[in-house]
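Student: Would you be able to build a 3D model of this:
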Amino acid sequence: MDYKQWNYRGISFFKEEVDDGNYPSIKLFQQKGLYQIDIRNRLCDYLENCPNIIATSYKRFHAYTFEEVSTLSYFTDGDFIFTNLLKEYIYYDDFVLPQRWYELIRNRNYINDIFELNHEKIFSGEVDIFDNLTRSFDQSSVVKEVIP
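Tutor: Take a look at the predicted model:
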């Protein structure tokens, strides 16, 4: 499933990061010239301003540089869950976001709503925020359940 067809509300890994065919290839999210530089800059700013959900250590590989990375952080904009490496990949001129997510961001005029996450609900297990990774855009975001 490429960036045009990706319909889930999150991406945890690309197969190049963890050498696992159960995840999408980053090559399916590469399309040179799709974003003009001003749009890419706005997307970079947008992702940089998303709150952190959780951080831990986990060995994987950077899909562009193939260097080993030991950090794993998850972020959200309230609709989509993504990792610290996806936040880095957006700086590469050929990386593109899933189309459905990009359309949400564009409709927000590339501006994040400022919100806090109820980490108590997340850490207690009351809400499994990572269910968002298997939710389609036709379903509501689990993240909304932890935004007071």
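
Student: doesn't residue 42 fall inside a helix?
Tutor: Yes: under DSSP: H, G, I helix; E, B strand; the rest coil, residue 42 sits within a helix.

Student: which residues sit in contact with it?
Tutor: Counting by CB atoms under 8 Å, 6 or more residues apart in numbering, residue 42 touches residue 110. (Each C-beta comes from the backbone N, C-alpha and C, glycine too.)

Student: Residue 33: how many residues sit nearby?
Tutor: 8 (other CB atoms under 10 Å).

Student: same deal with residue 113?
Tutor: 9.

Student: my guess is it meets residue 104, correct?
Tutor: No: with contact defined as CB atoms under 8 Å, residue 113 does not count as touching residue 104 (11.4 Å).

Student: Report the contact partners of residue 118.
Tutor: 146-148 are the contacts of residue 118 under CB under 8 Å, 6+ apart.

Student: show me where this structure has strands.
Tutor: Assigned by DSSP state E, the strands in the chain fall at 52-61, 68-76, 81-83.

Student: can you give me the helices for this structure?
Tutor: 15-18, 37-48, 84-89, 99-107, 119-124 (DSSP state H).

Student: who does the first one touch, helix- and strand-wise?
Tutor: Read it as helix 15-18. Under the contact definition 3 or more CB pairs under 8 Å, 6 or more residues apart in numbering; DSSP states H and E, helix 15-18 sits against strand 52-61.

Student: just the angle between the strand it packs on and strand 68-76, please?
Tutor: 150 degrees (axes from the mean of the first three to the mean of the last three CA atoms, to 10 degrees).

Student: quick one on the thing from earlier: of all the strands of the chain, which lies closest to residue 39?
Tutor: strand 81-83 (17.7 Å; CB to CB).
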